[in-house]
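Visitor: after the sequence you'll find the predicted model.
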Amino acid sequence: MKLQFWAAAAALAVASGPAAFGQSSELESEDSTATIENCLAEAEAGGRNRESCVGRMYDACPGNAGSTLEMVTCITNETAFWDARLNEVYRELIDIYRRRDSEFSDDYNMVARLRDTQRGWIEWRDLKCRFAYDEFRGGTMGRITGADCMMSMTAERVFELEDLKETAEM
């Protein structure tokens, strides 16, 4: 039951961004999105490692040195960015596997396998991030580490799926 609550709370926080915390949109801006997108474009061009882009929106967020609420809101805003990117690359990968599955006469169903893998990853992420929260028995640091875990793991999964997509397109 706790896991279901945690997953629902995390999904709500990511989906609603600052509104979930009663914050104004001043903790999120187009500039912060551009900062991370520019970093990713530079990484794609070979000028940096894409993992170095994780945390760029948070770093640019005016609330990152403020209250716990502002810090968690900044992290949640970046998590929403990575979550949107994750959903996009996941859909693209599903489409690629759907086409490839139709091209082969074997019994591999890569769409179903990816879906199962993604569901397993979500369960793992939720468990790991709940532990990060619980490690500090909740409280101020728990909220920050739990939110940071969600952001970091979501970004890492984006990179994993992007790598899978690149391989699947070969």
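Guide: Structure's in. What do you need? Residues are numbered from 1 along each chain as shown.
Visitor: can you list phi and psi of the residue lying farthest from the centre of the chain for me?
Guide: What lies farthest from the middle of the chain is Ser105; by Cα atoms, centre = their mean that is 34.7 Å. The phi/psi pair for Ser105 (degrees, to the nearest 10) reads phi -100, psi 10.
Visitor: same question, Gly139
Guide: Dihedral angles (degrees, to the nearest 10) for Gly139: phi 70, psi -170.
Visitor: residue contacts, it?
Guide: Residues counted as contacts of Gly139 (Cβ atoms under 8 Å, 6 or more residues apart in numbering): none. (Each C-beta comes from the backbone N, C-alpha and C, glycine too.)
Visitor: any idea how far Cys74 is from it?
Guide: For Gly139, the distance to Cys74 equals 18 Å [Cβ to Cβ, to the nearest Å].
Visitor: what does Tyr97 give?
Guide: Tyr97 is 35 Å from Cys74, by Cβ to Cβ.
Visitor: of these two, who's got more company?
Guide: More neighbours surround Cys74 than the other of Tyr97 and Cys74, with 28 against 21 (other Cβ atoms under 10 Å).
Visitor: distance between the helix or strand harbouring the more buried one and the chain's centre?
Guide: Per DSSP states H and E, Cys74 falls inside helix 68-103. Centroid separation between helix 68-103 and its chain, computed with Cα atoms, centre = their mean, to the nearest Å, is 6 Å.
Visitor: any idea which element the residue positioned nearest the centre of the chain lies in?
Guide: Centroid check for the chain by Cα atoms, centre = their mean gives Thr154 as the closest residue, at 2.7 Å. For Thr154, the host element (DSSP H and E) is helix 139-168.
Visitor: now do the buried residues in that helix.
Guide: Across helix 139-168, burial judged by 16 or more other Cβ atoms under 10 Å covers 142-159, 161-162, 164-165, 168.
Visitor: ok now do the nearest residue to Glu92 once chain neighbours are set aside, which residues does it touch?
Guide: In space, Glu92 comes closest to Lys165 once its chain neighbours are excluded; the distance is 6.0 Å by Cβ to Cβ, 6 or more residues apart in numbering. Applying Cβ under 8 Å, 6+ apart to Lys165 gives the contacts Val89, Glu92, Leu93, Ile96.
Visitor: of those, buried ones?
Guide: Val89, Leu93, Ile96.
Visitor: which one of those residues is nearest to Arg125?
Guide: Nearest to Arg125 out of those is Val89 (Cβ to Cβ; 15.8 Å).
Visitor: low pLDDT regions in this protein?
Guide: 1-30 (pLDDT under 70).
Visitor: how about 50 then?
Guide: Scanning the chain for pLDDT under 50 picks out 1-25.
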